[in-house]
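>>> sharing a model that was predicted from the sequence below.
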Amino acid sequence: MSTPIKLYIKGGCPWCDMAEEWLQTKGYKYDVVDVLDDRDAFDEMIRLSGQRRAPTMQVGGEVLADFGPDELARFVRDHRLTP
């Protein structure tokens, strides 16, 4: 069983779109939270990551903030996440 992935995004953000496309292409299941639609989620993202930029991903106790596809691939590999 894979670790649940929570992806914080901002609607219309090209980096967020790339993160979602990468995860989908690789077969990962994840929950999407649009922080522009949910102020509590925005505050949670800031608390977890210490910043306001998206995408931000939380997996277990690990957080990857403000990333592109290369950083996402490295994070997934380093944390041995499986789809």
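Sure, I can see it.
>>> pLDDT of the longest helix along the chain, averaged?
Longest helix in the chain by number of residues, with DSSP state H as the criterion: helix 14-26. Here helix 14-26 scores 97 as its mean pLDDT.
>>> in that helix, which residues are buried?
Going by neighbour count (16 or more other C-beta atoms under 10 Å), the buried part of helix 14-26 is 15, 16, 19, 20, 22, 23. For the C-beta atoms, the positions are set from N, CA and C on the backbone; glycine is no exception.
>>> I figured the fifth one was touching residue 73, is that so?
Yes - when contacts are counted by C-beta atoms under 8 Å, residue 22 is listed as touching residue 73 (7.4 Å).
>>> which residues belonging to the helix or strand containing residue 76 are considered buried?
Residue 76 is located in helix 69-78, with elements delineated by DSSP states H and E. Residues of helix 69-78 classed as buried by neighbour count (16+ other C-beta under 10 Å): 72, 75, 76.
>>> and the gap between the second one and residue 38?
Translated: residue 75. With the distance defined as C-beta to C-beta, to the nearest Å, residue 75 ends up 24 Å from residue 38.
>>> quickly find the element holding the most centrally placed residue in the chain.
Here the mean C-alpha position of the chain is nearest to the C-alpha of residue 57 (C-alpha atoms, centre = their mean), at a distance of 2.5 Å. Per DSSP H and E, residue 57 falls inside strand 56-59.
>>> contacts for stretch 34-47, please.
Here stretch 34-47 makes contact (C-beta atoms under 8 Å, 6 or more residues apart in numbering) with 8, 9, 10, 11, 33, 52, 54, 56.
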